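J.: Structure, please.
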Amino acid sequence: MAARSGILGAWAPRLMSVLRLVAGLLYLEHGTMKLLNFPPSDMFGHVRLASMIGAAGVLELVGGALIAVGLFTRPAAFILSGQMAFAYFIAHYPKGFYPALNGGEPAILYCFLFLFLAAAGAGPWSLDAWARKVR
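T.: Predicted structure coming up:
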């Protein structure tokens, strides 16, 4: 395996932290939309907590916040990866085989992004990294 070289190679761990932060914030927004109606959405106006969409909203809100700050990143990302795989096969795959046509591309991307974070961890700019230094 080639060694990291150049400025981009040196910044790779930090950029992974930035990717984690942005993905967590975007995912968190799905939860706030479902549970807090922010940003307002006609699609999720009255979501019941004890429904499948409500449970998804809780995972998105809590999991997105954990991913964004990089706390308990590996287990949170593993759970969210499974949620996105489930969401794809429940909501998108029945509409057709091709993700570009069934609207499932974001679910697939989130699934594999979270699976990567479950394996790689949060990166150096995270509460997980800070907690390791403090111990």
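J.: quick one, what contacts Leu8?
T.: Leu15 (C-beta atoms under 8 Å, 6 or more residues apart in numbering). For every residue, glycine as well, the C-beta is placed using N, CA and C.
J.: And the pLDDT for it?
T.: As predicted, Leu8 sits at a pLDDT of 85.
J.: Flag every buried residue along the strand or helix carrying it.
T.: According to DSSP states H and E, Leu8 maps onto helix 6-35. Neighbour counts using 16 or more other C-beta atoms under 10 Å place 16-17, 20-21, 23-24, 27-28, 30-35 of helix 6-35 among the buried residues.
J.: residues contacting Leu80?
T.: Leu80 neighbours (C-beta under 8 Å, 6+ apart): Tyr27, Leu59, Glu60, Gly63, Gly64, Ile67, Tyr110, Phe114.
J.: which stretch of helix or strand covers it?
T.: Residue-wise, Leu80 maps onto helix 73-87 under DSSP H and E.
J.: can I have that helix written out in CSV, keeping just the CAs?
T.: Taking Å, rounded to 0.1, in the frame of the first residue of the first chain, the C-alpha atoms of helix 73-87 are listed here in CSV:
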residue,chain,number,x,y,z
THR,A,73,-19.4,7.2,16.3
ARG,A,74,-18.7,3.6,15.5
PRO,A,75,-21.9,2.1,17.1
ALA,A,76,-24.1,5.0,16.0
ALA,A,77,-22.8,4.8,12.4
PHE,A,78,-23.3,1.0,12.4
ILE,A,79,-26.9,1.4,13.5
LEU,A,80,-27.6,4.2,11.0
SER,A,81,-26.1,2.2,8.2
GLY,A,82,-28.5,-0.6,8.9
GLN,A,83,-31.4,1.9,9.1
MET,A,84,-30.5,3.2,5.6
ALA,A,85,-30.3,-0.3,4.2
PHE,A,86,-33.7,-1.0,5.7
ALA,A,87,-35.1,2.3,4.4
